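>>> have a look; sequence and predicted model below, questions after that.
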Amino acid sequence: MKRIIVLLAFFALFAVACSKDSDSAAADAGKSGSITRFTVHNGYMYALNPNEVLTYSLQDPDHPVLVHRLPTDYGLETIIIYDNTIYLGSRTALYILDITNPAAPVILSKADRGDLFIGGCDPVVVKDRYAYSTIKIIQNICGDIAAFSALLVYDVSDKSAPVVIGEYPLEIPNGLGYEGNYLFVCDEGADRLEVFDISTPQSLQTLPQYAFSLTDPYDLIVNGNKMIVSTKTDFQIFDISALPVIKRTGIIAK
């Protein structure tokens, strides 16, 4: 119990320390990684069932009220909100939802993946007009062992018609995040935190010289000059103030 309390206090201090002012501190306090099944935005909470998006009104935060159900195909995995738009990662597709009416999301598009990527679990992050999604293929967990894992890059400038513009093979990728023009990907299969230069989204540059060896990385949170990577056994803290160089500054056991 003492360790849990210390860890929660650490995350609270981390969010405040990395913020530029009190307003951003309040926003950052709820920051999550890319592997998450619910999120809060403008007075509503959006949560995933395997085949639907549930919308809850938080008008009374102590008594959330279910106000909408949006059915989808089976296999929803992750959810994020970027630029007032919801992005869903599923085992077969990338969904983009419009929340102009936040109480009732609607599907703008569904970008089905090819057979090579069917069955992959895929967290998503978005920057400007591009979405980055890792596809993790594991036999008997996420799909067919004959398929392969990768980082996919989507052009989402037309949210009604996203297009895959890049594929970058990885071993067993999990969560991901970015700071500036650098994308970080947890590759559990390679036991590495991979680094990509995304300044030209149409043609990413891998930066193996700046990758970081890390056993079983799962997800990460980027906040200004700090990054926390969650592994199976601990939380590892990194200084990313001199990107693309990454420096480990601490470890907290789980």
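That came in fine, so what should we check first? Residues are numbered from 1 along each chain as shown.
>>> so where's the stretch 51-200 of the chain uncertain?
Across the stretch 51-200 of the chain, the stretches falling below the confidence threshold (pLDDT under 70) are 113-121, 138-147.
>>> show the residue spans covered by the strands in it.
For the stretch 51-200 of the chain, applying DSSP state E, counting those that start in this stretch gives strands covering 52-57, 65-71, 76-82, 85-90, 93-98, 106-112, 124-127, 130-135, 150-155, 163-169, 173-179, 182-187, 192-197.
>>> so what touches the fourth one?
The contact list for strand 85-90 (CB atoms under 8 Å, 6 or more residues apart in numbering) reads 46, 48, 53, 72-73, 75-81, 94-99, 105, 108, 121-124, 126, 131, 133, 156, 159. No exception for glycine: its C-beta is placed from N, CA and C like everyone else's.
>>> try 7 Å this time
Taking CB atoms under 7 Å, 6 or more residues apart in numbering as the criterion, the residues outside strand 85-90 that touch it are 46, 73, 75-80, 94-99, 105, 122-124, 126, 131, 133, 159.
>>> partner strands of it, parallel or antiparallel?
Using DSSP bridges, strand 85-90 pairs in its sheet with strand 76-82 (antiparallel), strand 93-98 (antiparallel).
>>> now do it against strand 106-112, angle only.
40 degrees (axes from the mean of the first three to the mean of the last three CA atoms, to 10 degrees).
>>> just want the angle from strand 85-90 to strand 150-155.
Here strand 85-90 points in a direction 150 degrees away from that of strand 150-155 (the same axes, to 10 degrees).
>>> got the CA coordinates for strand 85-90 in CSV?
In CSV, the C-alpha atoms belonging to strand 85-90 read as follows (Å, rounded to 0.1, in the frame of the first residue of the first chain):
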residue,chain,number,x,y,z
THR,A,85,-11.9,13.9,-32.8
ILE,A,86,-11.9,10.3,-31.4
TYR,A,87,-9.5,7.7,-32.8
LEU,A,88,-10.1,4.1,-32.0
GLY,A,89,-7.7,1.2,-32.5
SER,A,90,-9.3,-2.2,-33.1
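>>> now do the most centrally placed residue in the chain against residue 243, distance only.
Nearest to the mean C-alpha position of the chain, counting by CA atoms, centre = their mean, stands residue 34 at 1.9 Å. As judged by CB to CB, to the nearest Å, residue 34 and residue 243 stand 18 Å apart.
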